[in-house]
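Asks: Here is the input, now give the coordinates:
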Amino acid sequence: MISTIILNGLAFVSGPIFSGILGTDNYGIAAVYLTWVQIASTVFSLQAGGTVALARGNFPIKDQGKYQSSVLSLASISYCIFSILTIIVSCMLRFKYKLNILMILFGLVQGWGMYCVSFMNSKLAYEFEAVKNCLLSILTSSLTIGLSLVLIISLPRECNYWGRVIGQSAVYAVLGLIIFAVVFKSGKTCFKAEYWGFTLPIAIPTIFHLLAGIVLNQSDKVMIQGMINNSAAGIYALAATFGAVLSAIWNAFNNSWVPYYYEYSRQKQIKEIKKHAYNYIELFTLITVGFILLSREVFHIYAKEMFWEGTDFIPLFAVGYYFVFLYSFPVNFEFYSKETKTIAIGTTLAAGCNIILNYVLIYSMGVIGAVIATATSHGLQFVFHYFNAKKIKSEQFPFSLYEFIPGILVVFSACFIYLFTKEQWMIRWGIGAALGIYMLIKIIRRGEIF
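Replies: Here you go, the predicted model:
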């Protein structure tokens, strides 16, 4: 939880610094570049690292080093092949589509490094090396932010987005090489049919889930850039970064909730699940409401005035992240039931829905249309996974749809309060303070977070 909070805290703090130095236009370019890097890192690596946890239950502990070096080699070989194909295709199309080949090369290098860091994070997490995992994450984030700032300041303003590109790529390249050397030295195994045969059937379906998730969450920036301009994409990106604070809080909570949820499920302690789930839903609902009510003034401190156009996007971002929180209940159950293909289908449908809505709403409403499209897609994603979980094993998924509706209504009510009290900050902050005190008292009385 601490690692997640620190990492997202660094991203949150660095957001206004980068946006202020880069400006709306260059910040938009850097944000869209990172979206393409994340896609390459997800697809080209085959997501082989996602099997590290499962391997611990299927191969002897003494063979884990061999397995890890083998699947990291598999991912790296796959990444190289896809990268070569990407470069060839890019060179063929560069004149027609005005592609920046140098930026593509930096992005490909960064994507591989990001995968290696993610692989090591998984390895350390499932080997219960929490401190090392935390240090690696903080080191990576600090170095990319620090080097990027130095380079951005050193470059001319019209092309200073290259500082962000090079700063990230260089750090991830170096860390990727170090991690690959460490893992391979430990396992000394490149190819083993048993390991690759175990990895591929599990990992490949995960690609579609993760890729669809990236498309769902990142396609807005790309489409805004193409349909409007870089400046609009930059304004949207910074507001999204601010709204992602809620996602960071949910991630920290979910990392703590899931192990207990799975253990209660294994023991068929349905009453315990229901009791703690109720507390969890109430807590996150009130956090979301407080975030919406306080967001306006905090964002104006966080961002320079040139980005304030994105202020009113934030409550809608919060609604979207609240639906992500709700959809985690059926999705966690689907993972527990090994229904990973269905998870991929749901995410893919939501991503497709988001793209269609983006085309319609960005054209008719501008940037706010993209925010509405994403929130709506997350809502549909929740509905899909809820009914699928009920279809799998209704008796083992003990949540009624009616148990989620009150929280949804409360969050939408907070949006209306925000809308009608924009200039009356004392009302919004007063309500937020009262809810915070109420929740704090409840947590103290029960002696646990949820």
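
Asks: okay but residue 379 is in contact with residue 325, surely?
Replies: No. Residue 379 lies out of contact with residue 325 (Cβ atoms under 8 Å); the separation is 11.8 Å. Every C-beta, even on glycine, is put in place using the N, C-alpha and C of the backbone.

Asks: The two: which has the busier surroundings?
Replies: Comparing residue 379 with residue 325 by other Cβ atoms under 10 Å, the one with more neighbours is residue 325, at 26 against 20.

Asks: Pretty sure the more buried one sits against residue 283.
Replies: No. Contact criterion Cβ under 8 Å: residue 325 and residue 283 do not qualify, at 10.4 Å.

Asks: Overlap in contacts, these two.
Replies: The overlap between the contact sets of residue 325 and residue 283 (Cβ atoms under 8 Å, 6 or more residues apart in numbering) is empty.

Asks: Contact partners for residue 392?
Replies: Contacts of residue 392 by Cβ under 8 Å, 6+ apart are 333-334, 337, 339.

Asks: now do 7 Å
Replies: Taking Cβ atoms under 7 Å, 6 or more residues apart in numbering, we find residue 392 in contact with 337, 339.

Asks: where does the stretch 301-450 of the chain dip in pLDDT?
Replies: Within the stretch 301-450 of the chain, the segments meeting pLDDT under 70 span 338, 393-395.

Asks: which residue ranges form the helices in it?
Replies: Secondary structure of the stretch 301-450 of the chain by DSSP state H, counting those that start in this stretch: the helices cover 314-336, 340-365, 367-393, 405-420, 425-446.

Asks: I'd like the ones you listed as CSV, with distance to residue 169 appended.
Replies: Formatted as CSV, the helices of the stretch 301-450 of the chain follow (distance: least, Cβ to Cβ, whole Å):
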stretch, distance to residue 169
helix 314-336, 28
helix 340-365, 26
helix 367-393, 27
helix 405-420, 39
helix 425-446, 40
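
Asks: Any stretches of the stretch 151-300 of the chain with poor pLDDT?
Replies: 259, 262.

Asks: from the chain's centre, how far out does stretch 271-283 sit?
Replies: 24 Å (Cα atoms, centre = their mean, to the nearest Å).

Asks: quick one on the thing from earlier: and among the helices of the stretch 301-450 of the chain, the most buried is which?
Replies: Across those, averaging neighbours per residue (mean count of other Cβ atoms under 10 Å) puts helix 314-336 on top, at a mean of 23.

Asks: Now do that one against helix 340-365, angle only.
Replies: Orientation note: helix 314-336 sits at an angle of 160 degrees relative to helix 340-365 (axes from the mean of the first three to the mean of the last three Cα atoms, to 10 degrees).

Asks: Just give me the longest helix of this protein.
Replies: In the chain, taking DSSP state H as the definition, the longest helix is helix 2-44.

Asks: Could I get the average pLDDT for it?
Replies: Taken as a whole, helix 2-44 has a mean pLDDT of 81.

Asks: Please state the offset of that helix from the chain centre?
Replies: The answer for helix 2-44 is 11 Å, by Cα atoms, centre = their mean.

Asks: Against which helices or strands is that helix packed?
Replies: Helix 2-44 is packed against helix 64-97, helix 101-126, helix 130-154, helix 161-187, helix 193-227, helix 230-266, with contacts defined by 3 or more Cβ pairs under 7 Å, 6 or more residues apart in numbering; DSSP states H and E.

Asks: Take the ones you listed and lay them out in a markdown table including distance to residue 305 and mean neighbour count.
Replies: As requested, the helices and strands packed on helix 2-44 are exported to a markdown table (distance: least, Cβ to Cβ, whole Å; neighbours: other Cβ atoms under 10 Å):
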| stretch | distance to residue 305 | mean neighbour count |
| --- | --- | --- |
| helix 64-97 | 35 | 17 |
| helix 101-126 | 30 | 21 |
| helix 130-154 | 20 | 16 |
| helix 161-187 | 21 | 19 |
| helix 193-227 | 20 | 19 |
| helix 230-266 | 11 | 20 |
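
Asks: In CSV: those, plus distance to residue 404.
Replies: Output for the helices and strands packed on helix 2-44, formatted as CSV (distance: least, Cβ to Cβ, whole Å):
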stretch, distance to residue 404
helix 64-97, 38
helix 101-126, 29
helix 130-154, 32
helix 161-187, 38
helix 193-227, 20
helix 230-266, 15
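
Asks: so which of those helices comes closest to residue 12?
Replies: Nearest of those to residue 12, taken as Cβ to Cβ: helix 230-266 at 6.0 Å.

Asks: Pull the residues that contact stretch 280-290.
Replies: Stretch 280-290 is contacted from outside by 246, 249-250, 253, 257, 318, 322, 325, 407, 410-411, 414, 432, 435-436, 439, 449-450, using Cβ under 7 Å, 6+ apart.

Asks: how near is the closest residue to residue 422 other than its chain neighbours to residue 425?
Replies: The shortest distance from residue 422 to any non-neighbouring residue, by Cβ to Cβ, 6 or more residues apart in numbering, is to residue 296 (6.6 Å). In this view, residue 296 and residue 425 are 7 Å apart by Cβ to Cβ, to the nearest Å.

Asks: what about residue 366, how many neighbours?
Replies: Considering only other Cβ under 10 Å, residue 366 is surrounded by 14 other residues.

Asks: From here on, call the first residue 39.
Replies: Fine by me, first position is 39 from now on; the one you just mentioned is residue 404.
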